[in-house]
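Peer 1: got a predicted structure plus its sequence, pasted below:
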Amino acid sequence: MTDLPPVRGTLTPGRPLADLTWLRVGGPADWLFQPADIEDLAAFLRDLDPRVEVFPMGVGSNLIVRDGGIRGVVVRLGRGFNAISVDGDRVTAGAGALGAHVARRAAEAGVDLTFLRTIPGSVGGAVRMNAGCYGTYVADTLCEVQVVARDGAALTLTPGDLDFAYRSTSLPEGWVLTSATFSGPAGDPAELQARMDDQLARRDATQPTKDRTAGSTFRNPAGFSSTGREGDTHDLKAWKLIDDAGLRGHTLGGAQMSEKHPNFLINKGTATAADLEGLGELVRERVRERSGHKLTWEVIRVGDPLPR
């Protein structure tokens with residue numbers, strides 16, 4: 001690779017990524033960059049050869065890194081990007097902050113962002129994927145985001161700039177989201193905490209939270225998340241289509257579709273990225289054959305497979 005610009009943060013060549021993802025799989029990044037602050041990030045991207053690919057990575061909660069690793073530079077935001085502050089009904093969080101921490105801090109201040117409590121991962125990933133739960137999405141609460149473009153320009157974007165859709169935005173590849181500001185309705189802190197406790201209990205009762213997973217594997221063909229409310233329909237939910245295809249608990253190598261929730265892909269301890277992605281593709285094929293529905297991956301898959 002071409003020479004890289006000098007940095008004040010940490011720049012590590014050939015960094016294995018498996019220990020940085022929840023599924024614990026994946027080969028090395030050519031380079032892993034952990035910027036010291038926004039200025040360090042902006043200067044690096046400005047001076048980096050534009051031919052070099054850049055992949056922003058959060059805490060790896062919704063990610064399969066293929067076994068051959070990632071070419072180019074992986075950017076991972078650390079302590080300089082996890083601050084959370086509250087001003088009235090507005091909550092600003094660094095992209096590296098966990099959504100669960102943002103929800104708790106907001107609740108303590110009487111701001112209702114409780115939907116973030118059970119969404120795994122960081123704020124940056126939640127915004128990029130328009131994460132949602134119990135009928136509320138990032139798009140419903142976001143005021144603005146700060147980003148650094150691939151050319152190093154620091155920009156402020158509004159929700160309209162992001163073209164929010166179900167589990168997606170139009171944020172360009174190689175752009176790094178650095179912080180987000182949300183607004184939520186007022187609520188009693190004790191009531192908000194009780195609601196989050198109830199959400200956690202329901203999640204733990206229905207999802208394999210103690211296993212190595214990356215959250216929901218496929219998007220719901222219905223085009224929306226479960227609301228958690230009485231009367232919620234499951235006809236076009238991914239888990240129901242997988243279950244109806246007889247794939248609850250199905251295995252491939254060290255990968256398994258969860259017995260507890262069949263839309264969760266699990267590393268049983270020995271899985272490779274190829275096992276996990278291969279099982280996911282098998283599930284997509286079997287569901288399409290049985291129901292005619294084409295499941296779309298929600299888990300992000302990046303990098304190169306190992307050479308055959």
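Peer 2: Perfect, I can see it now.
Peer 1: which parts of the stretch 201-308 of the chain are helices?
Peer 2: 238-244, 273-291 (DSSP state H, counting those that start in this stretch).
Peer 1: as CSV, those helices with mean neighbour count and mean pLDDT would be great.
Peer 2: The way it works is simple: take the backbone N, C-alpha and C, and place the C-beta from them, glycine included. As requested, the helices of the stretch 201-308 of the chain are exported to CSV (neighbours: other Cβ atoms under 10 Å; pLDDT from 0 to 100):
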stretch, mean neighbour count, mean pLDDT
helix 238-244, 21, 96
helix 273-291, 19, 98
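Peer 1: out of those, which is closest to G9?
Peer 2: Nearest to G9 among those is helix 273-291 (27.0 Å), distances taken as Cβ to Cβ.
Peer 1: contact partners of the closest one?
Peer 2: Judged by Cβ atoms under 8 Å, 6 or more residues apart in numbering, the contacts made with helix 273-291 from elsewhere in the structure are 23, 25-27, 64-67, 217-218, 241-242, 244-247, 250-257, 265, 267, 293-295, 297, 299, 301, 303, 305-306.
Peer 1: TSV for the helices of the stretch 201-308 of the chain, including distance to S122?
Peer 2: Rendered in TSV, the data for the helices of the stretch 201-308 of the chain read as follows (distance: least, Cβ to Cβ, whole Å):
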stretch	distance to S122
helix 238-244	23
helix 273-291	21
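Peer 1: ok, the nearest residue to W297 once chain neighbours are set aside - how many residues close by?
Peer 2: Closest residue to W297 apart from its sequence neighbours, by Cβ to Cβ, 6 or more residues apart in numbering: F218 at 6.2 Å. Look at F218: counted by other Cβ atoms under 10 Å, it has 24 neighbours.
Peer 1: tell me the pLDDT at F218?
Peer 2: The predicted local confidence for F218 comes out at a pLDDT of 97.
Peer 1: how near is it to A274?
Peer 2: Remark: distance between F218 and A274 (Cβ to Cβ, to the nearest Å) = 18 Å.
Peer 1: try F182
Peer 2: When distance is defined by Cβ to Cβ, F182 is 38 Å away from A274.
Peer 1: likewise K260?
Peer 2: Using Cβ to Cβ, which is the criterion applied here, K260 is 24 Å from A274.
Peer 1: check G14 too.
Peer 2: As it turns out, when the distance is counted by Cβ to Cβ, G14 lies 20 Å from A274.
Peer 1: before we move on, what about C143?
Peer 2: Counting by Cβ to Cβ, the gap between C143 and A274 amounts to 41 Å.
Peer 1: and if you look at L63?
Peer 2: Noted for L63: a distance of 15 Å to A274, by Cβ to Cβ.
Peer 1: pop out the phi and psi values for V299.
Peer 2: According to degrees, to the nearest 10, the main-chain angles of V299 amount to phi -70, psi 130.
Peer 1: how near is it to R219?
Peer 2: Between V299 and R219 the distance, using Cβ to Cβ, works out to 10 Å.
Peer 1: likewise S61?
Peer 2: For S61 relative to R219 (Cβ to Cβ), the value is 16 Å.
Peer 1: tell me what the nearest residue to R15 once chain neighbours are set aside is bridged to.
Peer 2: Nearest non-adjacent residue to R15, counting by Cβ to Cβ, 6+ apart: L32, 3.8 Å away. Each beta-bridge partner of L32 is listed here: T12, V74, as defined by DSSP bridges.
Peer 1: could you report the neighbour count for L32?
Peer 2: Each residue near L32 was counted by other Cβ under 10 Å, and the total is 21.
Peer 1: ok, now D40?
Peer 2: The local packing of D40 (other Cβ under 10 Å) involves 18 other residues.
Peer 1: how about it, what does it touch?
Peer 2: V7, R8, G9.
Peer 1: so which strand or helix has it?
Peer 2: Element membership of D40 [criterion: DSSP states H and E] is helix 38-47.
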